[in-house]
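[1] Quick one, structure for this:
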Amino acid sequence: MARVFNFSAGPAMMPEEVLKIAAGEMLDYQNTGTSVMEMSHRSNAFIAIANDAEKLLRELMDIPANYKVLFLQGGASTQFAMVPLNLMGENGKADYVNTGMWSKKAISEAKKYGKVNVVATSDDKNFNYIPALKKEMFDPQAAYVHITPNNTIFGTRFTSLPDTGNVPLVADMSSCILSEVYDVNKFGIIYAGAQKNIGPAGVTIVIIREDLLGKELPVTPTMLGYKVHVENESMYNTPPCYSLYIAKLVFEWLKNKGGVKAMQKINEDKAAILYDFLDNSKQFKGTVEKEFRSLMNVPFVLPTEDLNNAFIKQATAAGFINLKGHRSVGGMRASIYNAMPVEGVQKLVDFMKNFESQNS
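    Now for the predicted structure:
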């Protein structure tokens, strides 16, 4: 069967070039006689993989020397607890911006470890916009400010970062890391699950400024403290070896594509193709306010639920899979992460045009 265009929100489509390299090295990684899947994480071969992965990520994101890079497990959901456990120790309070389901979960988890102030929310319109944020809204005594720059479910995106003064900005970049250029210096912590723009599920990236280490709450489990992972170079316990190996291959692929700046241009072009069609369609409509549209996740709907269901069924049969929208939004959602080629988006739009003409 031919490969399809996978519009899943995650685990997401992988670059075909990366999959072919991994397939070729599955049984014998660079003449070691073993697969990375069965390789000791203490071996020279795997340590080289991990070191290369960090070096490449630092280059791609221009990560300053005073930031540590960690490759952990547990997904972004574990970071919902790790962030407050590691940062709330001194101040006991933090500011959060609520822009959807994942920020709501982060807020709920943080409340277990300190006082949470929800500075702003967009729940009044089912999270279809990013609320306005001003510096004076943030508590200068807060341990940190937490945002979710891209909302996977509702398809919104921070088009500018809030000014939090001297308070560290923490960002869950699971669905937008490496998709556009961010200035790492503006953040105290960036964290991201890998399964959208980086690789298969299993590895979680954390980029943390050095001065934020060593402030854990006394109740923090050893495995949930950033400092112990920094001291052990992400190998306090067995890391997600194969997922980290694939991440390294994706970093190489991205570098060969011209890096994050070049990928951002491609992503903007892909998104424009789809949004331009939605803006001019008589039946398909986007659900997000234009100013805050995501480059990665594009939700849209048809006039009736019957048409939504018919579209999803016919699209799947035509090789456009995982287009069903999240239940909280309904309709459809096209996730067009880095690995989705322009061709895939253009062919989807062509299919949408044909569907519209047949059902008008």
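
[2] okay but E252 is in contact with L56, surely?
    Yes. With contact defined as C-beta atoms under 8 Å, E252 counts as touching L56 (6.4 Å). All C-beta atoms are positioned from the backbone trio N, CA, C, and that covers glycine.

[3] Check this structure for its longest helix and report it.
    helix 259-280 (DSSP state H).

[4] next helix or strand past that helix?
    strand 285-286 (DSSP states H and E).

[5] Could you please name the strands that next one pairs with and the direction of each pair?
    Paired strands of strand 285-286, with direction, are strand 297-301 (antiparallel) (DSSP bridges).

[6] Quick one: residues in contact with the strand it pairs with.
    9, 150-155, 175, 271, 274-275, 278, 284-288, 308, 325-326, 329-336 (C-beta atoms under 8 Å, 6 or more residues apart in numbering).

[7] So how do I select the buried members of the residues you listed in PyMOL?
    In PyMOL syntax, the buried subset of these is picked out as below (16 or more other C-beta atoms under 10 Å):
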select buried, resi 9+150+151+152+153+154+155+175+271+274+275+278+284+286+287+288+308+325+326+329+331+332+333+334+335+336
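
[8] Out of the contacts of strand 297-301, name the ones that lie in strands.
    With strands taken from DSSP state E, the overlap with those comprises 150-151, 285-286, 332-335.

[9] hmm, which two among the residues you listed are most spread apart?
    When C-beta to C-beta is used, the two most widely separated members of the ones in strands among the contacts of strand 297-301 are N150 and K285, lying 20.8 Å apart.

[10] separation between S357 and I189?
    Computed as C-beta to C-beta, to the nearest Å, the S357 to I189 distance reads 49 Å.

[11] Where do the helices of the stretch 201-350 of the chain begin and end?
    Using DSSP state H, counting those that start in this stretch, the helices of the stretch 201-350 of the chain run over 226-231, 241-256, 259-280, 305-317, 342-358.

[12] Quick check: which of the ones you listed is nearest to L217?
    helix 226-231 (12.2 Å).

[13] Which residues does the closest one contact?
    By C-beta under 8 Å, 6+ apart, helix 226-231 touches 68, 70, 72, 82, 86, 206, 208, 212-214, 216, 222, 236.

[14] Can I have the buried ones of the residues you listed as a ChimeraX selection?
    Buried residues within the contacts of helix 226-231, by 16+ other C-beta under 10 Å, are selected in ChimeraX with:
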select :68,70,72,82,86,206,208,212,213,216
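
[15] and which of the contacts of helix 226-231 is nearest V260?
    Using C-beta to C-beta, those come closest to V260 at V206, 18.2 Å.

[16] My read is that the closest one contacts I189, right?
    Yes. With contact defined as C-beta under 8 Å, V206 reaches I189; the gap is 6.7 Å.

[17] Spell out which residues are contacts of both of the two.
    By C-beta under 8 Å, 6+ apart, no residue touches both V206 and I189.

[18] all helices for the stretch 51-200 of the chain, in order.
    75-87, 101-110.

[19] Compare those helices and report which one is nearest to Y129.
    helix 101-110 (13.7 Å).

[20] List the buried residues in the closest one.
    Those would be 101-104, 106-107, 109-110, for helix 101-110 by 16+ other C-beta under 10 Å.

[21] angle of it against helix 75-87?
    Angle of helix 101-110 versus helix 75-87, following axes from the mean of the first three to the mean of the last three C-alpha atoms, to 10 degrees, is 40 degrees.

[22] In the stretch 51-200 of the chain, what residue spans correspond to strands?
    Chain-ordered strands for the stretch 51-200 of the chain, with DSSP state E, counting those that start in this stretch as the definition, fall at 67-72, 93-98, 115-121, 145-147, 150-151, 156-157, 169-172, 189-193.

[23] List the strands paired with the fifth one, with their directions.
    Translated: strand 150-151. Counting by DSSP bridges, strand 150-151 is paired with strand 156-157 (antiparallel).

[24] Need the contact partners of the partner strand.
    99-100, 122, 127-130, 149-151, 176, 288-289, 292-296.

[25] same thing but at 10 Å, please
    Strand 156-157 has contacts (C-beta atoms under 10 Å, 6 or more residues apart in numbering) with 99-100, 122, 127-130, 148-151, 175-176, 179-180, 271, 287-289, 291-297, 299.

[26] what about that strand, average pLDDT?
    Strand 156-157 shows a mean pLDDT of 97.

[27] now swap in stretch 299-309 and tell me
    Computed over stretch 299-309, the average pLDDT equals 96.

[28] can you pull the buried residues of it?
    The neighbour-count check on stretch 299-309 (16+ other C-beta under 10 Å) flags 299-302, 307-308 as buried.

[29] Mind putting the residues you listed into a markdown table with distance to Y226?
    What follows is the buried residues of stretch 299-309, written out as a markdown table (distance: C-beta to C-beta, whole Å):
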| residue | distance to Y226 |
| --- | --- |
| P299 | 34 |
| F300 | 39 |
| V301 | 41 |
| L302 | 46 |
| L307 | 48 |
| N308 | 43 |
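
[30] Good, wrapping up.
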